[in-house]
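# Could you work out the structure for the sequence below:
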Amino acid sequence: MEFEEIREYCLSKKAVTEGFPFDNETLVFKVGGKIFLFLPLESSQPTFSVKTDPAWSEELREKYFQIAGAFHLNKNHWNSVLCEGLKKELIVKLIDHSYDLVFNSLTKKLQAEINNS
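Below is the predicted model of the structure:
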């Protein structure tokens, strides 16, 4: 997937916002005010960081050289993903998983507001 495909996919998810809260080069996607994906635009290859379940993180890192602990983030919960060589289905699954983890961590009230919007 290319940068714009990743961006469009993230924005297609319910109640997602995008912005540059840290610098002008890292596009951040949030749901309910919480980050679920970092997309560094200065990278020469499409790369992003997503939240993943720690057990699945370990499995992914063993299976795919393109997936590693995310730089500057808690490596137990965040992975950096180099898209080159990965199937689109896996990339989408990683984005969905991160979104779901963050969405499910929101308060029940906020979840209901998002679901009903």
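
# Quick check: phi and psi on Ala15?
phi 60, psi 30 (degrees, to the nearest 10).

# I meant Asp96, not that one.
The phi/psi pair for Asp96 (degrees, to the nearest 10) is phi -60, psi -40.

# go on, Val31?
Torsion angles, degrees, to the nearest 10, at Val31: phi -130, psi 130.

# repeat for Thr17
phi -120, psi 160.

# And for it, nearest residue in space, chain neighbours not counted?
Lys30 (5.2 Å; C-beta to C-beta, 6 or more residues apart in numbering). (C-beta placed from N, C-alpha, C; glycine too.)

# what's around the one you found, how many residues?
17 (other C-beta atoms under 10 Å).

# tell me the SS of it?
For Lys30, the assignment made with DSSP: H, G, I helix; E, B strand; the rest coil gives strand.

# Can you name the residues that contact it?
16-19, 36, 102 (C-beta atoms under 8 Å, 6 or more residues apart in numbering).

# which two of these lie the greatest distance from each other?
Gly19 and Val102 (15.3 Å; C-beta to C-beta).

# Which of these two has more residues huddled nearby?
Set side by side, Gly19 and Val102 show more neighbours around Val102, with 20 against 11, by other C-beta under 10 Å.

# from memory the more buried one sits against Gly32, does it?
Yes: taking contacts as C-beta atoms under 8 Å, Val102 lies within contact range of Gly32: 7.3 Å.

# State the phi and psi torsions of Glu25.
The phi/psi pair for Glu25 (degrees, to the nearest 10) is phi -120, psi -20.

# okay, now it: neighbour count?
Glu25: 11 neighbours (other C-beta under 10 Å).
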